[in-house]
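Participant: Fold the following for me, if possible:
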Amino acid sequence: MSQTKHIHLIGICGTAMASLAGLLQTRGHRVTGSDTAAYPPMSNFLLSLGIRVAQPFSSANLEPPPDLVVVGNVVSRGNVELEHVLDQRIPFCSLPQILHDEFLRDREVLAVAGTHGKTTTTSMLSWIFHCAGRNPSFLIGGIAENFGSSFAVGSGKNFIIEGDEYDTAFFDKGPKFLHYFPDGVILTSVEFDHADIYDDLRAVETAFQRLVNLVPRRGKIIAHDTGESVDRCLAKAFCPIERYGFKESSMWRVTDLQMTPSTTTWKVLRSGREWATFEFSLAGEYNVMNATAAAAMAASCGITVPEIAAALKTFKSVKRRLEVKAEVNGVTIVDDFAHHPTAIAGTLAALRGRYPSGRLWVILEPRSNTLRRRVLQDALAESLCSADEIVVAQVFKMDAIPEAERLDVNALAAQIAQAGCHVRILEDADRIVDLVAPETRPGDVIAILSNGEFGGIYEKLPQRLRDLAANNALKHGTAKG
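Facilitator: Residues are numbered from 1 along each chain as shown. Have a look, this model is predicted:
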C-alpha cells in the first residue's frame, strides 16, 4: 500500500484494532473508526492520537466512502456499517491481512502466542529489544506502560507481535496468528479458551499446531515446559525448540525464585549452567515465566545478559494487568484483565504475595465469551476460593448465551460456599459498590476482574470510598464540636 489512503476501522476500540489505527496513522494514512462504546484505556489512547471514534455504528460513518475498510473480528453480518460496505462494494479486509501486507512482509517477525501471558510477554520482549538499541516495531494487545503505547514502527529488522488465537473476521474464521508467518515463536501455554469459536481443547491445539508448523527451519520456538497440550502442539515443529520453566530438563530453567512485597528475583540456568540473575518489581510466578521466555528469545537474537537484565529491572507493566487504580484510606483497588480460571488463580496468588497481610477481595464480572459459559465453571469456583471475600456480578449480556450453555452464577456461588468461602452474587456495578464500600477496612486489597468497563466500577468504587471517608470525617468533626 504505497499511496496515502483513507482507511476506516469498524470496531476500532478493540485493543488490536486501536493499535492498528496507530500503525496506519504512522504510515501517513488518514484513519477513522467506529464502535458501539469507547472506554479506557483504548478510548484515551485513540484520543491521544487524534483519531475520532464515531458512536454508534451508522452507514453515515462511511460517507464519503473510504478507500479501504478494516473489519474487526467482533463485527458480524447485520452490523449496519458492514452491510453498507457489502452493498456499496467498498474494498475491505481483516486486521491480520493488512498487518501482514503493510508491516510484516519485510520484517523478521517474532510472535508471542499462548492462552495466557501474551500481552505482558510481548511487552517485555519489545522493551528488551528497545533497551538493547534494536529499535523494534511492535504491536501489543494492551498499553505497555514503558512505551505509553501499544504499537511502534521502528527502523530495526524485528517486528514483535502478540499472536492471538481468536478468529480473524466474519469471512475468515481461522486464528489471527496464522497470517503473521513468524520467524520465531514464544509459546506460553495452551488451554481451552474462547468457547464461542472453539468446540474443545483439541480444536485449540489444532490452531497452535498450525502456528508451530509455520515457523521455518531457520527459526526457533521458545516453549513453556509444562502441559501435555503444549507438547502435542510442538510435534508439528520443523525448527529448533527450547523449553523454559522449573523442570531440570528445561534449557532455560528458573531457580532460586524469591518474592518480597516490592521485588521479585530469580536465577536462570541455561543448559544446566548458571546464566543470569534477574530482578523486577512485578508480582507473580507467572510474570517470572513470562520474563524468562522473553529473555530466552532475546538471547537467541544476540541480546546480551546485561542488556536483558537492565531492561527487565526497569520494566513496568501493562495497563489492566495488576494495575493499581486507586488507594483510598488504606484500601487498594487493583484492575486486572484476568478472564480465565488459570489467569484468575495466578492473579490472586500474585496479590497474596504482594500484600501478604491484607484481606483480599475479588470482584468478578463474567464478561468474556468463555467465562459467560459454564464450560469452566468448576475451575472458576476453585480459582476464586483463594480470596477472602468474593463478589460475582451477573453474566454480561446473558441473553446472548443460550441458557443451557450459560454460566449459572447461583450454582457457582453454591460451589464456592460449599468450599467454605464467603461469596455474594450482585446484579451490577452499582449494587456491588453499595455493598462493598461500607464493608472495607484499611489494609484491604480489592481485585476487580473484567475484560470490559464493568459499569464504570473502576471510578465508582474509589469515589464511594472517598465519600464515605469525607462523611465520617464530617460526622466526627461535628461530634467534637
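
Participant: residues touching N146, list them.
Facilitator: 123, 127, 130, 314-316 (CB atoms under 8 Å, 6 or more residues apart in numbering). For every residue, glycine as well, the C-beta is placed using N, CA and C.

Participant: out of those residues, which is most surrounded?
Facilitator: Neighbour counts for the contacts of N146, by other CB atoms under 10 Å, peak at S123, which reaches 31 neighbours.

Participant: per-residue confidence for that one?
Facilitator: On the pLDDT scale, S123 is placed at 96.

Participant: excluding its backbone neighbours, what's nearest it?
Facilitator: Distances taken as CB to CB, 6 or more residues apart in numbering place A144 nearest to S123, at 4.0 Å, with adjacent residues excluded.

Participant: Number of residues surrounding that neighbour?
Facilitator: 26.

Participant: Isn't it up against R320?
Facilitator: No - applying CB atoms under 8 Å, one finds A144 not in contact with R320, separated by 11.4 Å.

Participant: Mind jotting down where the helices sit in the chain?
Facilitator: Chain-ordered helices for the chain, with DSSP state H as the definition, fall at 15-26, 42-48, 80-88, 95-99, 118-131, 201-214, 228-234, 285-300, 305-313, 341-354, 377-384, 409-418, 429-439, 457-480.

Participant: any chance of the ones you listed in TSV, with distance to A400 too?
Facilitator: Shown next, in TSV, are the helices of the chain (distance: least, CB to CB, whole Å):
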stretch	distance to A400
helix 15-26	21
helix 42-48	22
helix 80-88	18
helix 95-99	23
helix 118-131	25
helix 201-214	21
helix 228-234	28
helix 285-300	30
helix 305-313	41
helix 341-354	21
helix 377-384	18
helix 409-418	15
helix 429-439	19
helix 457-480	21
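
Participant: which of those helices sits most buried?
Facilitator: Of the helices of the chain, the one with the most neighbours on average (mean count of other CB atoms under 10 Å) is helix 118-131, at a mean of 28.

Participant: how far out from the middle of the chain is it?
Facilitator: 13 Å (CA atoms, centre = their mean, to the nearest Å).

Participant: Just the CA coordinates for it, please, in PDB.
Facilitator: As requested, the backbone C-alpha atoms of helix 118-131 are provided in PDB (Å, rounded to 0.1, in the frame of the first residue of the first chain):
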ATOM      1  CA  LYS A 118       0.800 -13.000  25.600                       C
ATOM      2  CA  THR A 119       0.400  -9.300  26.200                       C
ATOM      3  CA  THR A 120       2.800  -9.000  29.100                       C
ATOM      4  CA  THR A 121       5.400 -11.200  27.400                       C
ATOM      5  CA  THR A 122       5.200  -9.200  24.100                       C
ATOM      6  CA  SER A 123       5.600  -6.000  26.100                       C
ATOM      7  CA  MET A 124       8.700  -7.400  27.900                       C
ATOM      8  CA  LEU A 125      10.300  -8.700  24.700                       C
ATOM      9  CA  SER A 126       9.700  -5.300  23.000                       C
ATOM     10  CA  TRP A 127      11.200  -3.400  25.900                       C
ATOM     11  CA  ILE A 128      14.300  -5.700  25.900                       C
ATOM     12  CA  PHE A 129      14.800  -5.100  22.200                       C
ATOM     13  CA  HIS A 130      14.200  -1.400  22.700                       C
ATOM     14  CA  CYS A 131      16.700  -1.100  25.600                       C
END
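
Participant: From the contact counts, what lies against it?
Facilitator: Contact analysis of helix 118-131 by 3 or more CB pairs under 8 Å, 6 or more residues apart in numbering; DSSP states H and E lists strand 108-113, strand 137-144, strand 158-163, helix 285-300, helix 305-313 as its packing neighbours.

Participant: can you tell which of the ones you listed is closest to H29?
Facilitator: Across the helices and strands packed on helix 118-131, H29 has its closest neighbour in strand 137-144 (15.7 Å, CB to CB).

Participant: tell me the domain boundaries of the chain?
Facilitator: Per the record, the chain has its domains at 6-94, 106-313, 323-473, by automatic domain parsing.

Participant: Which one of those lies nearest to H100?
Facilitator: With CB to CB as the measure, domain 106-313 is the member of the domains of the chain nearest H100 (5.1 Å).

Participant: Do you know the pLDDT at the most centrally placed residue in the chain?
Facilitator: Ranked by distance to the mean C-alpha position of the chain (CA atoms, centre = their mean), the top residue is T119 at 4.9 Å. T119 carries a pLDDT value of 92.

Participant: what residues are up against it?
Facilitator: By CB under 8 Å, 6+ apart, the residues touching T119 are 140-142, 162, 318, 321, 337.

Participant: Let's see that with 6 Å instead.
Facilitator: Residues near T119 by CB atoms under 6 Å, 6 or more residues apart in numbering: 140-142, 162, 318.

Participant: try R354
Facilitator: Contact analysis of R354 by CB under 6 Å, 6+ apart lists 261, 283.

Participant: cutoff 8 Å now
Facilitator: Residues in contact with R354, defined by CB under 8 Å, 6+ apart, are 261, 283, 322.

Participant: Show me what the closest residue to the last one other than its chain neighbours is bridged to.
Facilitator: It refers to L322. Distance criterion CB to CB, 6+ apart; nearest residue to L322, sequence neighbours excluded, is D336 at 5.5 Å. Here D336 sits in beta bridges with L449, as judged by DSSP bridges.

Participant: got a pLDDT number for D336?
Facilitator: Per-residue confidence at D336 stands at 88 (pLDDT).

Participant: So it is in contact with N451, correct?
Facilitator: No - contact criterion CB under 8 Å: D336 and N451 do not qualify, at 9.7 Å.

Participant: which one of the two has more residues nearby?
Facilitator: In this comparison of D336 against N451, neighbours counted by other CB under 10 Å, the higher total goes to D336 at 22 against 18.

Participant: separation between that one and P356?
Facilitator: Distance check for D336 against P356: by CB to CB, to the nearest Å, it reads 18 Å.

Participant: on that earlier part again, apply the buried test to the contacts of R354 and list what passes.
Facilitator: 283, 322 (16 or more other CB atoms under 10 Å).

Participant: In TSV, list the contacts of R354 along with pLDDT and distance to Q209.
Facilitator: Conversion of the contacts of R354 to TSV gives the following (pLDDT from 0 to 100; distance: CB to CB, whole Å):
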residue	pLDDT	distance to Q209
P261	85	41
A283	87	33
L322	81	31
